[in-house]
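Peer 1: sequence? don't have it. structure:
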C-alpha cells in the first residue's frame, strides 16, 4: 500500500533537473565539515533526487579547483586541494605528536585489519601498552571490530572513516603499498613454528580467560 | 627554503597564472573560519598575486551554483545559496510513546464515552492535566462530545474516527471488555490474597461503575 | 667461548664495535629484542630476505655479552631472545638430528627472517602513511561549517495493547479498593489511644477495658473484634507510658485498667 503511494508521489512531483540536484549536493557538502553519505543527501533532497548521479557531475566540476570533492569511505566531503596547504598556515592545527609505538600500531591495524592485540604484539615483538591503543581510540582513528571467532573470542581493531578522512584515503584499499605487501606475503598471518620467543603466549592466555568469563556471564 | 621565499618576494619570478590565483582564493575562502579581506589574501598568496582580480573571476565562476561568493563588509566569504537553505534542515522524526497518563485518559474516554473530565478524574483517582487532554485533542484521537445535561453542563469527550483507524477498530464497541483483558493475561495484577472481597454495598458510592457493569461480569 | 665465536669477535671491525657500543648505551631506546635485531641486521647491508640469521644471532649474542660486561641491566625479554638465539645458532651449525622433534633450525630462521621483514615493511608503510597529505596540515575542511538545523518532529504512538493495559491498570486499581472501604469496620490503635487518653483520667478504680469501646462498635462482631483489639493495644501502650496499671485475674478473665497516680510507685 505504501509502495503505491510512493509511485504516485513520484509521478505527481517530478524530481528537479540534474543541474539543480548537483547544486543541492554542492550546498550540502559545502556546508558540512563532516563527510556526508549519499543516503543522507537523498534524505535531505526533494523526493526523486539521485544524489549518487549528481555527485558524479559535481566531482567532475571540481576537478583541478582549489577545493576538491573527495570520497571518504561511503561518504563525500569537500576539502581544499593539498597543493595549496602552504596558504593555510593560519588554519593549521597542531596535531598531537604520535609516539613511534603509536604510529607503528596504527599502521599495523590499517594494513592488517581486523587485527587482535596479540597479533599486533607478534608483529612488533613487544607488548602493546594500553595507553597507545587508548590514544588511537581517543583520536577516533581506530575502533573495535568484530570479535575473532577463535578460542577466547579476542576483540579486533579496525581503522575508522575519520582515519581515512585525515589521511585523504577513499578506502582502506587505497593504503600506500598495500598491494606490494600483500603480494610479498607480508600481510599473511603465518603461525610461528614451535616455540618462538616473540609469541605473546601469555597475552593469549589472558585474553582467552577474559573471553571465557564473558561467555560464562552470558 | 626561506631563500626560496625571498627570491619570490623579490619578484624575480612571475606571479602564478590567474587561474592558479583563483584556486588559491577559493581554497582560502573555503577554509577560513571568518570572511577574508583582499589585503589578507594578498598577504597569504605568493608575491605578485592580485587577489582582487582573482576574486572577480571566482565570483563569476560560482554564479548560479549551490555555493556563492559574497561580500561581507570589506571582506569575502563563501556561503550556500539562499534558495537552498531548506537543505540545511535535517528533519528528525522522533516517535515517542504516549505517556501513561495520556494512555489511561484515552482508555477511559474510549471505554466510557461520552465522559466528562470530572468522571475521568474520578475513575483515574487523580486529576487530569490540561496538557494531557490537549495532547489527545491535538492528535485528533479525541474530540468534544455533547454537553452533559446536568448542572454546569460540562463538556464530554468522545474518541474520533482517527482513533478507531489508528487502533484498527470499527467502533468503540469493539474494544475488549475486562473479561477478555483478563483472559488475555492483561489483568494479571490480582488483588493480594487476604484482601476483603468487594461487597455490593461498598460499591454503591462509585458512580462510574454503573455504566461499565457489563464489563465486570466474570 | 668456541673457536668460531672468537674468530667472529675478531672479525668485527672498529666501526662496528663503536656502533655496537652506541647500541648498548641506547638500549632503552629499543622497542624490544625484535627492534634490536632489525637494527643489527642493517650492518649486514643486504636485502632482509637474504639476511644471514646465523650472523645476526652472533651479533645479538655479542651485544648481550657486551651489555653484561658493562653491567647493564637487560630486560628479561632480551635475555630470553639471547637464549633462544643461542639455541637456534647451535641448531643451524650442527647437522640435523633425525630423532629431534619440532621445527628445524632452517624453519625457525626463516620465520625470524619473515618477522624482521614484516616489521621493517610495517615501519616503511607507517612512514609513508604519515608522509601523506594530511587533514589540518595539507588540506582543510570547511572553515565555517553551517549549522544544520535539526527540525525535531515528534509523533506519539500507542498500540491497542498499551491502551488495554492502561485501562486494565485502572480497573485493577479499583479492585484494590476494599482496602479503603474496609476501614469502615476497622478501629485503629491510634483512634483507641486518643479515646482512652481522654477518659483515663476519670478511672480511679479498676475498670474493664471493654467499657472503653466506642459507641456503636459493640454489637457488630467484626467491629467489636477490631475495637477490642485496638483498645487492648492502646491500654498496653498507656501502661508502657506509665499512665495506667493493667491487670487480669486469670486467663480469659476481663482485663482491667486503672489510672496510675503521679508519684505513686
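Peer 2: Arrived safely. This structure is a prediction, so every number in the text was calculated from the model and none was measured.

Peer 1: could you chop the chain up by domain?
Peer 2: In the absence of a named chain, this looks at chain A. Chain A breaks down into these domains under the TED database: A:18-82, A:100-184.

Peer 1: that was the other one, I meant chain C.
Peer 2: Per the TED database, the domain ranges recorded for chain C read C:17-95+C:103-125, C:189-259.

Peer 1: tell me if the first one is near chain A.
Peer 2: Yes - with C-beta under 8 Å from any C-beta of the partner chain as the threshold, domain C:17-95+C:103-125 lies in contact with chain A, specifically through C:31-35, C:77, C:80-81, C:83-84, C:103, C:107-108, C:111-112, C:114-115, C:117-119, C:121-125. Every C-beta, even on glycine, is put in place using the N, C-alpha and C of the backbone.

Peer 1: determine which stretch of the domains of chain C is the most buried.
Peer 2: Mean neighbour count (mean count of other C-beta atoms under 10 Å in any protein chain shown) peaks for domain C:17-95+C:103-125 among these, with a mean of 17.

Peer 1: mean pLDDT and distance to residue A:190 for the domains of chain C - can I get that in a markdown table?
Peer 2: A markdown table is the format used below for the domains of chain C (pLDDT from 0 to 100; distance: least, C-beta to C-beta, whole Å):
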| stretch | mean pLDDT | distance to residue A:190 |
| --- | --- | --- |
| domain C:17-95+C:103-125 | 83 | 6 |
| domain C:189-259 | 85 | 84 |
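
Peer 1: tell me the phi and psi of the residue in chain C that chain A sits nearest to?
Peer 2: Nearest residue of chain C to chain A, counting by C-beta to the nearest C-beta: residue C:34, 2.6 Å away. With angles defined as degrees, to the nearest 10, residue C:34 sits at phi -70, psi -40.

Peer 1: quick check: closest non-adjacent residue to it.
Peer 2: Here the nearest residue to residue C:34 in space, its sequence neighbours aside, is residue A:125; by C-beta to C-beta, 6 or more residues apart in numbering or on different chains that works out to 2.6 Å.

Peer 1: torsion angles phi and psi at that neighbour?
Peer 2: Residue torsions, per degrees, to the nearest 10, at residue A:125 are phi 80, psi 10.

Peer 1: and it, what pLDDT?
Peer 2: Confidence per residue is given as pLDDT, and for residue A:125 that number is 89.

Peer 1: over to residue C:137?
Peer 2: The per-residue pLDDT of residue C:137 was computed as 86.

Peer 1: what secondary structure does it sit in?
Peer 2: In the three-state summary, residue C:137 is assigned as coil, counting by DSSP: H, G, I helix; E, B strand; the rest coil.

Peer 1: what about the closest residue to it other than its chain neighbours, how many residues close to it?
Peer 2: In space, and not counting its chain neighbours, residue C:137 is closest to residue A:92: 6.1 Å by C-beta to C-beta, 6+ apart. Neighbourhood size, residue A:92 [other C-beta atoms under 10 Å in any protein chain shown]: 14.

Peer 1: same deal with residue A:54?
Peer 2: Here the neighbour count serves as a burial measure; for residue A:54 (other C-beta under 10 Å) it reads 24.

Peer 1: same check on residue A:137?
Peer 2: The criterion is other C-beta under 10 Å. On that basis, residue A:137 has 14 neighbouring residues.

Peer 1: what's the closest non-adjacent residue to it?
Peer 2: Spatially, and ignoring its direct neighbours in sequence, residue A:137 is nearest to residue A:143 (6.9 Å; C-beta to C-beta, 6+ apart).

Peer 1: tell me which residues touch the residue nearest to residue C:34, please.
Peer 2: Contacts for residue A:125 (C-beta atoms under 8 Å, 6 or more residues apart in numbering or on different chains) come out as A:198, C:31-35, C:115, C:119.

Peer 1: residues in chain A within reach of chain B, list them.
Peer 2: A:22-28, A:30-31, A:44-45, A:64-67, A:78, A:80-81, A:84, A:87-91.

Peer 1: now do whichever residue of chain A sits closest to chain C against residue A:194, distance only.
Peer 2: Checking chain A residue by residue against chain C with C-beta to the nearest C-beta singles out residue A:125 as nearest, at 2.6 Å. The spacing between residue A:125 and residue A:194, counted by C-beta to C-beta, to the nearest Å, is 17 Å.

Peer 1: so where's chain A uncertain?
Peer 2: For chain A, residues meeting the criterion pLDDT under 70 lie at A:1-13, A:195-218.

Peer 1: all helices of it, in order?
Peer 2: Along chain A, the stretches classed as helices by DSSP state H are A:2-12, A:18-31, A:38-44, A:51-61, A:100-112, A:117-124, A:130-138, A:161-166, A:178-183, A:201-217.
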